[in-house]
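Undergrad: No sequence on hand, only this structure:
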């Protein structure tokens, strides 16, 4: 039977708890460092993207490389994995006589899309 004083017993428990808390703190710091590295790895740095687009109304769509749009204060940048061309897009593509240049120089249809948010 140990006749350890309650004070010594408390010190022993406190030391064990301190070691455990120290280990938890080390794990927390390591986890935070890994999360920071992971966030840096997923930063979106691309400046060009592929788009299905046309420069003239009534002409076939072609895959072309364009600049990635800039995000405004209230915008999200989404890396689109799938996009549909719906009736609104077809109306926009055929809204002028065939061969008429697109007003903004390039028309990229695709109001509907699914993907991953890469920038807020």
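TA: Received it, and whenever you're ready, just let me know what you need. It should be emphasised that the depicted structure is a prediction, and the values quoted were computed from it without experimental measurement.

Undergrad: element containing residue 115?
TA: strand 112-119 (DSSP states H and E).

Undergrad: buried set for that strand?
TA: residue 118 (16 or more other Cβ atoms under 10 Å). For every residue, glycine as well, the C-beta is placed using N, CA and C.

Undergrad: Could you list the paired strands of it along with their orientation?
TA: Here strand 112-119 has these sheet partners by DSSP bridges: strand 77-84 (antiparallel).

Undergrad: that older thread, what does the strand holding residue 115 rub up against?
TA: 42, 44, 71, 76-84, 86 (Cβ atoms under 8 Å, 6 or more residues apart in numbering).

Undergrad: now the helices for the protein?
TA: 6-41, 87-93 (DSSP state H).

Undergrad: Considering those, which stretch scores lowest in mean pLDDT?
TA: Least confident of the helices of the chain, judged by mean pLDDT, is helix 6-41 with a mean of 67.

Undergrad: Give me the number of neighbouring residues for residue 28.
TA: 10 (other Cβ atoms under 10 Å).

Undergrad: For residue 36, see how far away it is.
TA: 13 Å (Cβ to Cβ, to the nearest Å).

Undergrad: same thing with residue 62?
TA: For residue 62, the distance to residue 36 - Cβ to Cβ - is 41 Å.

Undergrad: Drop anything exposed from the contacts of strand 112-119.
TA: By 16+ other Cβ under 10 Å, those give 77, 83 as buried.

Undergrad: out of the contacts of strand 112-119, which one sits closest to residue 57?
TA: Lowest distance from residue 57 to the contacts of strand 112-119 (Cβ to Cβ) belongs to residue 86, with 17.4 Å.
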